[in-house]
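Visitor: what's the 3D shape of this:
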Amino acid sequence: MENSSSNKYYEIKLEKLNTILIKPSKPTPSHLQNFKLSLLDQLSPNIHGNTTFFYPNHNNINNNHNHFSDFINKSKILQNSLSQTLSHFYPLAGRLHDATTIHCNDEGVFFIESQTTTTLSEILTDPNFNTLECFLPTTEEKRNMLLLLRFTLFSCGSTAITISLTHKIVDFNTLIIFLDTWTTITTGNEFPLPDLTVAAALFPPREIPGMSGSVKTSDAKFTTRRFIFEASKIEELKTNIKNKIEFEFEFHPSRVEVVLALIWKCALSASIAVSGSKTTSFKRSILFQAVNLRTRMEPTVPETAVGNVVWPFWVTVEEESHVAIDEMVKRMRKGIMDFIENKAERFKEEGGFKVVMESLKERVEILKGNENEGSLVIYKCSSWCKFPLLEFDFGWGKPVWSCSVNNLVSNTIALMDTKDGGGVEAFVTLDEDEMKLFEQNEELLHYVLLNPTILI
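Guide: Below you'll find the model as predicted:
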């Protein structure tokens, strides 16, 4: 499959117009003002994840004055509905008090209005993650807030909405609940009520000596690229794998498994090539994958449960014979089966404390033996496939695209559905030198489109 991408960096100018403090429409009752974090929240870092949604302008208006007037009207609608939404997500308008508590004091969240002379089509013709980072709130704007939003007007009348939420109490499923509530309140429809109590009830907070939710960042320069796996190419990849794989029962690999295995294999190959003579033996590698526990427990946890109701399982390759796509897929399937059968249900026992501590000890043991610098390569993956990311309509149409910008750590893979629902869009973040080799890998290029234009 032919691929070409200049990955042009548009150095756009984003002008901040206003920063509005939005508070819940109703004050939080005194008995709810001390919100207890769950055990899994405790272990999550207090860093912001972000998602940006791009909304095209479908009005046949080419007048800048009308664009701005329309933008201001939309902004007021969003601010009003956000205030109502925060009354149901009141911890997000509070402040982190200590390791186990959020003080729900209704101090509010920042809603930032911005505009740019760039058009949406310029951004989406060749999406560049350095450019897309411009749409995020700055570090100074974040201060100690748990939630921030940026609403941006393009010169063509299109808009972008960026949601920046702390991982301390939010997993991806919680983001979806928040957006579902916010959009339905905005459009005047019935909205789902979030469940704020179930996470801490299932996973009570505990004292964990020596544990912190910090994230280790690297001084190395890293970069993110976007890859599209079309449905037909995924089916070809599945067929090739099924013809090679041997399993004890009829095995049908998922599209996430086959796409992830190919990315992992090619990324590891790039890492080994870059390190060259620095290592004397094969690089071991571990792939961590986040699992939504809501659907993996019996009885299932409500989808509306707010908080970090996720836990990772991991897959390892220890020798060169393991670095084949069919072998990697087989290991992934065995890994998730083992997790579901032997760990997921146990999270309900004593709030999951025992299984959490066992998992943390296992992780320490796996990471042992990495005395030779660079002899172990770790990757982390989140799959957002099947989440309705392009369905969130505030009253002026659905987004044409959404993305998440990772500016914190390297060696990450994020997967989401393509617009037609059958393919997979992958955001891969690697060290710059490794990315140069990764995006030229012939096996990868047979199956992917490298950063194709997003049609409005």
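
Visitor: residues in contact with the nearest residue to Leu96 once chain neighbours are set aside?
Guide: Nearest-residue entry for Leu96: Ile102, 5.7 Å, with adjacent residues in sequence omitted and distances by C-beta to C-beta, 6 or more residues apart in numbering. The C-beta positions use only the backbone N, C-alpha and C, and glycine is treated the same way. Each residue near Ile102 by C-beta atoms under 8 Å, 6 or more residues apart in numbering is listed here: Asn34, Phe35, Leu37, Pro91, Gly94, Arg95, Leu96, Leu146, Ile169.

Visitor: where exactly do the strands run in the stretch 151-300 of the chain?
Guide: 159-166, 222-229, 284-292 (DSSP state E, counting those that start in this stretch).

Visitor: Can you give me the neighbour number for Ser402?
Guide: The number of residues packed near Ser402 is 19, by other C-beta atoms under 10 Å.

Visitor: going forward can the numbers begin at 72, since that is how I track them
Guide: Yep, numbering from 72; the last one is Ser473 now.

Visitor: ok, whatever helix or strand it lives in: who's next to it in the sheet?
Guide: Using DSSP states H and E, Ser473 sits within strand 472-474. Note on strand 472-474: by DSSP bridges, its sheet partners are strand 119-126 (antiparallel).

Visitor: Just want the angle from the helix or strand just after the partner strand to strand 119-126.
Guide: Counting by DSSP H and E, the next helix or strand C-terminal to strand 119-126 is helix 135-159. Relative orientation of helix 135-159 versus strand 119-126 (axes from the mean of the first three to the mean of the last three C-alpha atoms, to 10 degrees): 140 degrees.

Visitor: and the next element down the chain from helix 135-159?
Guide: Counting by DSSP H and E, what follows helix 135-159 is strand 166-169.

Visitor: on that earlier part again, of all the strands of the stretch 222-371 of the chain, which lies closest to Phe181?
Guide: strand 230-237 (9.2 Å; C-beta to C-beta).

Visitor: Show me the strands in the stretch 372-521 of the chain, by range?
Guide: 381-388, 447-454, 472-474, 483-488, 495-502, 520-521.

Visitor: quick one on the thing from earlier: need the residues that contact the strand holding Ser473.
Guide: Counting by C-beta under 8 Å, 6+ apart, residues outside strand 472-474 touching it are 122-125, 195, 198, 200, 203, 297, 460-461, 487, 490, 498, 525.

Visitor: Also stretch 407-422?
Guide: With contact meaning C-beta under 8 Å, 6+ apart, stretch 407-422 is reached by 110, 273-275, 277, 360, 362, 364, 367-369, 382, 384, 423, 425-427, 430.

Visitor: before we move on, back to that, could you identify the buried members of the contacts of strand 472-474?
Guide: 122-125, 195, 198, 200, 203, 297, 460-461, 487, 490, 498, 525 (16 or more other C-beta atoms under 10 Å).

Visitor: out of everything not next to it in sequence, what's closest to Ser475?
Guide: That would be Thr122: by C-beta to C-beta, 6+ apart, it lies 5.1 Å from Ser475.

Visitor: what pLDDT does that neighbour get?
Guide: What the model reports for Thr122 is a pLDDT of 96.

Visitor: Show me where this structure dips below the pLDDT cut-off.
Guide: Along the chain, the model assigns pLDDT under 70 to residues 72-81, 131-133, 280-290, 316-321, 348-353, 439-445.

Visitor: Okay, helices next: where are they in it?
Guide: 110-113, 135-159, 191-196, 200-203, 210-213, 243-258, 269-273, 302-313, 326-346, 396-410, 424-438, 503-509, 513-518 (DSSP state H).

Visitor: got the CA coordinates for the first one in CSV?
Guide: Presented in CSV, the C-alpha positions along helix 110-113 are these (Å, rounded to 0.1, in the frame of the first residue of the first chain):
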residue,chain,number,x,y,z
LEU,A,110,-7.8,2.3,45.7
LEU,A,111,-7.3,2.3,42.0
ASP,A,112,-7.7,6.1,41.9
GLN,A,113,-4.9,6.3,44.5
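
Visitor: Would you mark the buried spots in that helix?
Guide: Leu110, Leu111, Asp112, Gln113.

Visitor: and Lys238, how many residues sit next to it?
Guide: To be clear, residue 238 is His; Lys isn't right here. Neighbours around His238, by other C-beta under 10 Å: 18.

Visitor: what does the one 5 residues further on give?
Guide: Neighbouring residues of Phe243 were enumerated by other C-beta under 10 Å; the total is 23.

Visitor: before we move on, what about the one 3 residues further on?
Guide: For Leu246, the tally of surrounding residues (other C-beta under 10 Å) stands at 19.

Visitor: does it really touch Leu236, like I thought?
Guide: Yes: counting by C-beta atoms under 8 Å, Leu246 does reach Leu236; the two are 6.1 Å apart.

Visitor: Give me the common contacts of the two.
Guide: Between them, Leu246 and Leu236 share the contacting residues Gly120, judged by C-beta under 8 Å, 6+ apart.

Visitor: ok so, going back, list the contacts for the residue nearest to Ser475?
Guide: Thr233, Ile234, Leu246, Leu460, Ser473, Cys474, Ser475.

Visitor: which residues touch the third one?
Guide: Contact partners of Leu246, counting by C-beta under 8 Å, 6+ apart, are Gly120, Thr122, Ile234, Leu236.

Visitor: What's the PyMOL line that selects buried ones from those residues?
Guide: Buried residues within the contacts of Leu246, by 16+ other C-beta under 10 Å, are selected in PyMOL with:
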select buried, resi 120+122+234+236
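
Visitor: that older thread, the residue nearest to Ser475 and Ser453, how far apart?
Guide: Thr122 sits 12 Å away from Ser453, taking C-beta to C-beta, to the nearest Å as the criterion.

Visitor: what does Glu389 give?
Guide: Where Ser453 is concerned, Glu389 sits at a distance of 24 Å (C-beta to C-beta).

Visitor: So for the two, which sits in the more crowded spot?
Guide: Ser453 (19 against 12).

Visitor: wait, isn't that one in contact with Asn244?
Guide: No: Ser453 is beyond contact range of Asn244, at 11.1 Å (criterion: C-beta under 8 Å).

Visitor: Ser229 touches Ile194, doesn't it?
Guide: No: using C-beta under 8 Å, Ser229 is not in contact with Ile194, being 9.0 Å away.

Visitor: Now for these two: what residues contact both?
Guide: In contact with both Ser229 and Ile194: Phe125, using C-beta under 8 Å, 6+ apart.
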